[in-house]
Every structure is written in C-alpha cells, then in structure tokens.
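1. Need a 3D model of the sequence below.
(one chain, ligands or ions: 1)
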Amino acid sequence: MKDRKIILPAPAKVNLFLEITGKRDDGYHNLYTLFLKIALTDMLTFSPRRSGIVFSCSDPALATAENLVCRAAALLQKTSGFSGGARIHLRKRIPCAAGLGGGSSDAAATLLGLNRLWGLGWDASRLLPLARKLGADVPVFIRPEPLLIGRGRGDILRPVPKPWQCWLVLVKPAAAVSTGEIFRSVALPLTKKTNNVKLLLYALAQGDYRRAALYMYNRLETVTLNKYSELAQIKKAFFALGVPAVLMSGSGSVIFGLVPQREEALRVGKQLQGFGDVMVVAANR
Ligand code: C5P
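-> Just a heads-up that it's a prediction; the model follows:
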C-alpha cells in the first residue's frame with residue numbers, strides 16, 4: 001500500500017471550432033465548440049498519505065493552494081468524505097494561459113487519479129458534477145474520447161467519431177491571455193456559424209485541409225488578435241509556409257496549424273521557431 005503509485009497523463013486540447021451562442025445568467029457564455037485532444041500532456045503522480053493533501057509541481061510558481069489540482073483534491077475529499085490523504089506531483093509541460101486547457105486537464109486527472117487511489121469507485125457521471133464546479137473546460141477531460149462537441153458552457157458533451165489522424169504545430173507566443181478578459185470583450189454574434197462543424201468534420205475525414213480551413217472558426221480569435229498583434233503575425237507565417245488550416249485555440253494565446261504528416265509538421269515547426277515556443281504533436285486517437 002505504501003509504495004502504491006498512480007501515474008496519469010493529462011492531455012491538452014485545442015478548439016477546432018468555437019462559436020458563442022448566447023450569454024448566460026451565471027456570467028458564462030453558451031458555446032458550440034469542437035474539442036480535439038492532443039499528445040501534449042502534463043503528468044500527474046498520486047501516492048497515498050495518511051491524511052492531508054501535499055502538492056508539488058515541476059514549476060514551483062504553480063505549487064500553490066489555488067492550483068486547480070489542490071482545489072480538485074479538496075473538493076473530492078470533502079464530497080466523498082474520504083478520511084485519508086494523498087501526495088500529488090504535477091510535471092508541467094502544457095503552457096499556462098495558452099488556450100490549451102492545461103489547468104482544467106490537471107483538475108480532471110486529479111479527480112480520476114484520486115478516485116482510483118482512494119478506491120472510491122465513482123463512475124464518470126458522479127465525477128462530472130465536481131468537474132463542472134471546478135471550471136467549464138474540466139468535464140471534457142473526464143471523458144476519454146479524443147474528439148467531442150461541447151455545448152452549454154462547453155461542458156455538455158457529445159463524442160464524435162474520429163476515423164482520421166493529423167499532426168499539429170503549436171506556437172505559443174510570450175503573451176499570456178486571461179480567458180475571462182477575452183470573453184468580456186467579445187461582441188455577441190447576430191448570425192451564428194454552428195452549421196460549419198458538420199462540414200468541418202467531413203473535410204477532416206476527407207483529409208482536405210484547404211476545405212477544413214474554410215470551416216475552422218473561433219469567435220474569440222479577432223478579440224485576442226486585436227489585443228496581441230504578434231498572434232496575427234504567426235497566422236500569416238503559417239499561411240506563407242503553405243499551411244491553410246490555422247486557428248487560435250480557446251481564448252489564446254496558442255496558434256495552431258493542422259497538417260496531415262509528421263514530416264511536414266516538423267518542417268513547418270522549424271520555420272516558426274522565432275515566433276515563440278513551438279511544439280509538434282499528434283492528435284489523440
Ligand atoms: O470556467 P473557467 O474558470 O475556465 O472560465 C474562466 C472565465 O471565462 C469565466 O469566469 C468566464 O468569464 C469566461 N467563460 C465564459 N463562458 C464559457 C467559459 C468561460 O464566459 N463558456
């Protein structure tokens with residue numbers, strides 16, 4: 001029991017599509033969004049303790065009680081009434097304030113990891129309300145599927161079949177973006193683009209990235225691009241390298257390009273080094 005350890009990866013996501021469908025009374029916005037999980041992961045290690053939660057992180061600046069990992073652990077402990085504790089270590093690789101859902105994924109992995117470590121035996125339907133409490137993007141990471149449509153705050157989820165594979169080149173500029181601030185600045189659309197998702201899924205299944213580019217969309221992109229001009233430069237640089245399917249993820253600041261093959265992704269990634277941290281990863285299967 002003493003040496004028992006659970007190690008869980010916490011994947012990042014990108015939004016291939018994000019439209020705002022309305023404003024809610026709880027201060028959030030209703031969304032219609034398409035999440036794709038990717039092979040860029042944080043790594044969480046859980047080990048037992050007699051009592052209390054002890055949290056450490058490879059980035060000491062993130063090892064605080066406000067970290068979503070600590071809040072998730074405290075919430076599960078309180079809700080389940082479990083009397084034991086845990087030691088949790090987070091190896092951080094997903095950049096923060098990037099629109100990749102890293103903090104949300106860590107929170108979901110904490111619920112899943114402690115559920116196992118503590119032998120609670122809760123199924124996803126019991127963990128999801130806790131995930132929702134922790135943040136709008138947490139529930140998507142409780143689900144195992146790589147591709148999901150999100151409605152409501154982004155937390156009413158429906159998985160979509162993913163018979164295709166692709167590679168992503170991610171560029172993270174220095175700018176760190178506050179999600180709340182971007183949502184507060186966005187103008188509510190009069191005409192909504194939710195129809196595009198079907199066409200986008202069809203284009204991706206065909207491997208037609210030029211067509212996919214026509215339907216990839218993020219309502220928050222103009223707001224963030226107007227605030228941080230370097231993001232527009234990154235989009236331009238992708239286009240100049242012959243990558244048409246380029247979008248900002250979530251509220252930013254990561255800009256990503258979709259390409260069919262690893263070799264092309266590596267070539268494009270190399271060319272974009274000067275624009276920020278560049279990561280080349282596969283989509284999850
Ligand atoms: O849920 P989370 O803490 O990640 O959201 C951060 C902020 O982003 C919220 O406080 C809200 O202002 C905004 N948001 C929103 N609508 C969503 C998701 C987030 O307005 N669907």
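2. make it CA atoms for all contacts and neighbour counts henceforth
-> OK.
3. Point out the residues in the stretch 51-200 of the chain that sit beside the ligand.
-> Within the stretch 51-200 of the chain, the residues that sit near the ligand (C-alpha under 6 Å from any ligand atom) are 135, 136, 137, 153, 154, 179, 180, 183.
4. Weed out the non-buried ones from the residues you listed.
-> 135, 136, 137, 153, 154, 179, 183 (16 or more other C-alpha atoms under 10 Å).
5. Among the residues of the stretch 51-200 of the chain next to the ligand, which are located in helices?
-> 179, 180, 183 (DSSP state H).
6. and of these, the nearest to the ligand?
-> Checking those against the ligand by C-alpha to the nearest ligand atom gives residue 180 as the nearest, at 3.7 Å.
7. Which parts of the stretch 151-285 of the chain are strands?
-> For the stretch 151-285 of the chain, the strands defined by DSSP state E, counting those that start in this stretch occupy 156-159, 167-172, 217-218, 246-248, 255-259, 277-282.
8. Burial-wise, tell me which of those strands comes out on top.
-> Scoring the strands of the stretch 151-285 of the chain by mean neighbour count under mean count of other C-alpha atoms under 10 Å gives strand 246-248 as the most buried, with a mean of 28.
9. That one packs against which elements?
-> Helices and strands touching strand 246-248, by 3 or more C-alpha pairs under 8 Å, 6 or more residues apart in numbering; DSSP states H and E, are strand 217-218, helix 229-240, strand 255-259.
10. how about a cut-off of 7 Å?
-> strand 255-259 (3 or more C-alpha pairs under 7 Å, 6 or more residues apart in numbering; DSSP states H and E).
11. Can you name the residues in contact with the strand it packs on?
-> Applying C-alpha atoms under 7 Å, 6 or more residues apart in numbering, the external contacts of strand 255-259 come out as 166-172, 243, 245-249, 265.
12. and the nearest residue in space to residue 111 that is not next to it in sequence, what element?
-> Excluding its sequence neighbours, the residue lying closest to residue 111 (C-alpha to C-alpha, 6 or more residues apart in numbering) is residue 72, at 6.3 Å. Element membership for residue 72 (DSSP states H and E) is helix 68-80.
13. Let me see the mean pLDDT of that helix.
-> The pLDDT scores in helix 68-80 average 98.
14. ok, residues contacting it?
-> With C-alpha under 7 Å, 6+ apart, helix 68-80 has contacts from 103, 106, 107, 110, 111, 134.
15. what does stretch 104-124 give?
-> Contacts of stretch 104-124 (C-alpha under 7 Å, 6+ apart): 6, 8, 10-12, 46, 68-69, 72-73, 76, 131, 135, 137-139, 141-142.
16. ok, back up a step: can you tell me which of the buried ones among the residues of the stretch 51-200 of the chain next to the ligand lies nearest to residue 209?
-> residue 154 (25.0 Å; C-alpha to C-alpha).
17. Wait, that closest one touches residue 139, no?
-> No: with contact defined as C-alpha atoms under 7 Å, residue 154 does not reach residue 139; the gap is 8.5 Å.
18. Please name the bridge partners of residue 257.
-> Going by DSSP bridges, residue 257 is paired in beta bridges with residue 169, residue 246.
19. how much space between it and the ligand?
-> Going from residue 257 to the ligand by C-alpha to the nearest ligand atom, to the nearest Å gives 23 Å.
20. so is residue 14 in a helix, a strand, or just coil?
-> strand (DSSP: H, G, I helix; E, B strand; the rest coil).
21. which strand residues sit across from it in the sheet?
-> The partner residues for residue 14, given DSSP bridges, come to residue 36.
22. Now do the contacts for it.
-> 35, 36, 37, 100, 249, 250 are the contacts of residue 14 under C-alpha under 7 Å, 6+ apart.
23. What is the burial count for the residue nearest to residue 111?
-> Residue 72 has 23 neighbours, counted by other C-alpha atoms under 10 Å.
24. what's the answer for residue 94, then?
-> Neighbours of residue 94 under the rule other C-alpha under 10 Å: 22.
25. mind listing what it touches?
-> With the criterion set at C-alpha under 7 Å, 6+ apart, residue 94 makes contact with 12, 40, 41, 42, 102.
26. secondary structure element for residue 114?
-> Short version: residue 114 belongs to helix 102-117, going by DSSP H and E.
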